[in-house]
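[1] starting from these lines, generate the structure:
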Amino acid sequence: MSKIYHGTSQHRYEQMLKDGFIVPAPIGEPHVSFSTERKVAEYFAHISANWSDDPVTKRAILVFDTEQLEADGFTLHPFSSPVWGEGECDWECEIVSMYKIPISYATRIDGDEYNYPSLKGKAEDARI
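    Have a look, this model is predicted:
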């Protein structure tokens with residue numbers, strides 16, 4: 001099984017459970033972002049939890065099986081945004097879907113024991 005990870009806040013995860021899907025971002029480039037590296041998802045879960053309206057929200061790390069997603073017809077492909085300059089986002093090891101993904105494909109793993117506030121831009125630290 002090949003795994004990809006998505007980091008978010010508990011607040012957003014609960015909304016995904018209500019909606020039944022993880023949906024493309026409403027701003028910027030519309031896609032669902034994943035990473036092949038758990039530590040990158042942990043970093044973005046930390047960011048998401050800190051931006052939450054709920055001051056005590058927890059982090060949530062979601063794991064997806066790429067083989068199962070692709071077998072069921074979901075297209076995933078590598079992505080690196082040029083917004084900060086060509087190659088500057090490669091450390092994210094990003095995989096995207098242009099379409100919403102049913103949350104039933106996700107397995108939640110706890111993200112609260114992790115804290116990677118200085119990970120951004122340090123590709124060597126993002127490797128497991």
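[2] contact partners of the strand or helix carrying residue 108?
    Assigned by DSSP states H and E, residue 108 belongs to strand 107-110. Strand 107-110 is contacted from outside by 13, 60-64, using CB atoms under 8 Å, 6 or more residues apart in numbering. In this view, the C-beta of every residue, glycine as well, is placed from N, C-alpha and C.
[3] now with 6 Å?
    Residues outside strand 107-110 that contact it (CB atoms under 6 Å, 6 or more residues apart in numbering) are 60-63.
[4] go on, stretch 27-35?
    With CB under 6 Å, 6+ apart as the test, stretch 27-35 has contacts from 4-6, 22, 24, 41, 92-98, 101.
[5] in helices, which of these appear?
    Among those, the residues falling in helices (DSSP state H) are residue 41.
[6] okay, residue 61 and residue 33: tell me how far apart.
    Residue 61 sits 13 Å away from residue 33, going by CB to CB, to the nearest Å.
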